[in-house]
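> Here's my sequence, what's the structure:
(chains A and B)
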Amino acid sequence: MIDLKALRDDPQLARDSQLARGGDPALVDVLLNLDELRRANLTEFEQLRAVQKAASRLVGKAAPADRAAALEYARSLADQVRAAQELADGAQRDLDAVLADFPNVVEPGTPPGGENDYVVLREVGTPRDFAAEGFDVLDHVALGERLGAIDTARGAKVSGARFYYLTGVGARLELALLMAAVDQAVAAGFTPMITPTLVKPSVMAGTGFLGAHADEVYRLEADDLYLTGTSEVALAGYHADEILDLSAGPLRYAGWSACYRREAGSYGKDTAGIIRVHQFHKVEMFSYAPVEDAAEEHLRLLAWEEEMLAKVELPYRVIDVAAGDLGSSAARKYDCEAWLPSQGRYREVTSTSNCTTFQARRLGTRERTATGTRPVATLNGTLATTRWIVAILENHQQADGSVRVPEALRPYLGGLDVLTGR
RNA sequence: GGAGACGUCGCAUAGUCCGGUCUAGUGCGCAUCCCUGCUAAGGAUGUGAGGGAGCAAUCCCUCCGUGGGUUCAAAUCCCACCGUCUCCGCCA
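Have a look, this model is predicted:
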């Protein structure tokens, strides 16, 4: 939900945002009109209601002789009050309906346009020249098979397409990677969390995942619960309806969870291997920050992501995602994309979003300030996921089909420095 | 799954039977000030959230788990739901 007061103060900002996203700027004026109507109706209702309350109290206090007259007067007001209330409620509903679908206002400076209009901020590390090294690149599917690390065939047998087993060193590599991520987060001051992956509709809606991409989400009809695609949802819901004290700086959580995605509409994309799957694991950073600090915190999250990528020694680039590709809750998003030798291109391995107050308004997460309370900013960013295994296997493969383990992960693999088949 | 108890403005509680004086009381905690001269005690005032009017003091509306209903009037009566706790059963 966006900030209506800010919208009143500077509607142009929201119009520009809509243009950058490829949305309809006229929607801003629809919102303003609905808001004005709502406030007028509410004032009307409140005035009538005050009269009614006074009249009702009079009935209770009236002397027996006056009681009948007082009662008659009080009764005569009831219909008007009811009508005014319905008007006010209706205006509120109309406003909420439009507001619910209105995406966050993008941060000034965000590249306009759609999926392909991202701006590359930097490239870090150099992709290996496998031709110069004298061997052909294997993709992660082949490597996973050789190493006995990934079993997609049996994943499909048991659960269907886009499911997989991590086996042997594959399983160990994932645990090592995620543990390394948790440890890095803890060292940086994050509170580690293992979160619920089934959440209520209110939490799912509050985080903005039931907007345009609602069909991406698994829903358990019988229980009216949603399977989350990221621990961001549970971490955002954690402080719902709470008033936080952020005077000592942002609250930071590192969530570890399984993640579930329907991948509807991605038929034919990344069908092989484990790049795009229905279930995976992720360590996610999540920050609650004062709005003034949000942009700065966003860059810190990005820096922690890059620190983690450096640990696993992957070449990557950082992109500033264009407004139209942001998703409804984000005001800005940076992705890190690791180089995939088998595809000869960069693929997303992290994503960090500044949601400003969009989620906090819906979830009722505020902070106390000298003058009262106000919504906080929420931010999230990937620290490691199952998909990283793809990049690690491919980038660190050796001529004999074995895979070198990045040094930072070796302690988590009992000192193992090379993954070999068996 | 079965039985019972309970959900009130930070925490703890009063209020609910019998609707109006609840415009939600009290204690603790907290804040400011006063007194005191000091690892004490006492006193005064204030102290939930959201929305709105006003330069301001201040005032108005909504919220007593959630949503409906009855009524001139609901914390209080009715219905449904959610949650918590205790005991039992079943299962990791």
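
> check contacts around the residue of the stretch 201-350 of chain A found nearest RNA strand B.
Nearest residue of the stretch 201-350 of chain A to RNA strand B, counting by Cβ to the nearest atom of the strand: A:I243, 6.3 Å away. (C-beta placed from N, C-alpha, C; glycine too.) The contact partners of A:I243, by Cβ atoms under 8 Å, 6 or more residues apart in numbering, come to A:R366, A:E367, A:R368, A:T373.

> Could you find the closest non-adjacent residue to it?
A:R366 (5.0 Å; Cβ to Cβ, 6 or more residues apart in numbering).

> from what I can see the one you found touches A:T378, true?
No: A:R366 is beyond contact range of A:T378, at 11.7 Å (criterion: Cβ atoms under 8 Å).

> Pull up the overlap in contacts between these two.
Residues touching both A:R366 and A:T378 (Cβ under 8 Å, 6+ apart): A:A360.

> Tell me which of these two has more neighbours.
A:T378 (29 against 20; other Cβ atoms under 10 Å).

> Is the more buried one within a helix or a strand, and which one?
strand A:377-385 (DSSP states H and E).

> Tell me the helices and strands packed up against the following helix or strand past that strand.
Later in the chain than strand A:377-385, the nearest helix or strand by DSSP H and E is helix A:388-395. Counting contacts by 3 or more Cβ pairs under 8 Å, 6 or more residues apart in numbering; DSSP states H and E, helix A:388-395 packs against helix A:140-147, helix A:169-187, strand A:332-340, strand A:345-354.

> out of the ones you listed, nearest to A:W304?
helix A:169-187 (7.2 Å; Cβ to Cβ).

> and A:A131, how many neighbours does it have?
Counted with other Cβ under 10 Å, residues neighbouring A:A131 total 9.

> Surely it forms part of a strand?
No: under DSSP: H, G, I helix; E, B strand; the rest coil, A:A131 sits outside any strand and is assigned helix.

> Locate the residue lying closest to A:D270 once chain neighbours are set aside within the secondary structure: which element?
Computed as Cβ to Cβ, 6+ apart, the closest residue to A:D270 that is not its neighbour in sequence is A:R276, at 3.8 Å. Here A:R276 sits in a region with no helix or strand, counting by DSSP H and E.

> sorry, back to before: centre of the chain versus the strand holding A:T378, how much separation?
8 Å (Cα atoms, centre = their mean, to the nearest Å).

> who in chain A is up against RNA strand B?
With Cβ under 7 Å from any atom of the strand as the criterion, chain A meets RNA strand B at residues A:5, A:39, A:42-43, A:45-47, A:49-50, A:52-53, A:55-57, A:59-61, A:71, A:74-75, A:77-78, A:81, A:243, A:366, A:368, A:372-374.

> circling back: need the per-residue pLDDT for the residue of the stretch 201-350 of chain A closest to RNA strand B.
For A:I243, the model assigns a pLDDT of 85.

> A:R422 now?
Looking at A:R422, its pLDDT is 65.

> what about the residue of the stretch 201-350 of chain A closest to RNA strand B, distance to A:D215?
Distance, A:I243 to A:D215, by Cβ to Cβ, to the nearest Å: 35 Å.

> go on, A:V318?
Distance from A:V318 to A:D215, by Cβ to Cβ: 29 Å.

> When these two are compared, which one has more neighbours?
A:V318 (22 against 10).

> so the more buried one touches A:V120, yeah?
Yes: A:V318 lies in contact with A:V120 (Cβ under 8 Å); the separation is 7.3 Å.

> show me where the stretch 101-250 of chain A has strands.
Using DSSP state E, counting those that start in this stretch, the strands found in the stretch 101-250 of chain A span residues A:119-124, A:150-151, A:165-166, A:191-194, A:198-199, A:218-220, A:225-227, A:243-244.

> neighbouring contacts of the fourth one?
Okay, so that is strand A:191-194. By Cβ under 8 Å, 6+ apart, strand A:191-194 touches A:182, A:185-186, A:231, A:234-235, A:238, A:251-257.

> ok, and the closest non-adjacent residue to A:G134?
A:G134 sits nearest to A:A399 (Cβ to Cβ, 6+ apart), 7.1 Å away.

> Next, that neighbour: phi, psi?
Main-chain torsions, A:A399, degrees, to the nearest 10: phi -60, psi -30.

> Would you enumerate the residues in contact with it?
A:E133, A:G134, A:F135.

> OK, contacts around the last one?
Right, the one you point to is A:F135. Taking Cβ under 8 Å, 6+ apart, one finds A:A399 in contact with A:F135.

> Equivalent analysis for the first one, please.
A:E133 makes contact with A:A399 under the criterion Cβ under 8 Å, 6+ apart.

> Just the pLDDT for it.
89.

> The one 4 residues further on now?
The predicted structure scores A:V137 at 93 on the pLDDT scale.

> Would you mind measuring from it to A:L177?
A:V137 sits 21 Å away from A:L177, taking Cβ to Cβ as the criterion.

> more neighbours, these two?
Under the criterion of other Cβ under 10 Å, the comparison of A:V137 against A:L177 puts A:L177 first, with 27 against 18.

> re the thing from before, tabulate the helices and strands packed on helix A:388-395 (TSV), appending distance to A:G90.
As requested, those are exported to TSV (distance: least, Cβ to Cβ, whole Å):
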stretch	distance to A:G90
helix A:140-147	55
helix A:169-187	47
strand A:332-340	35
strand A:345-354	34
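
> Let's have those in TSV, adding mean pLDDT.
Output for the helices and strands packed on helix A:388-395, formatted as TSV (pLDDT from 0 to 100):
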stretch	mean pLDDT
helix A:140-147	94
helix A:169-187	97
strand A:332-340	97
strand A:345-354	96
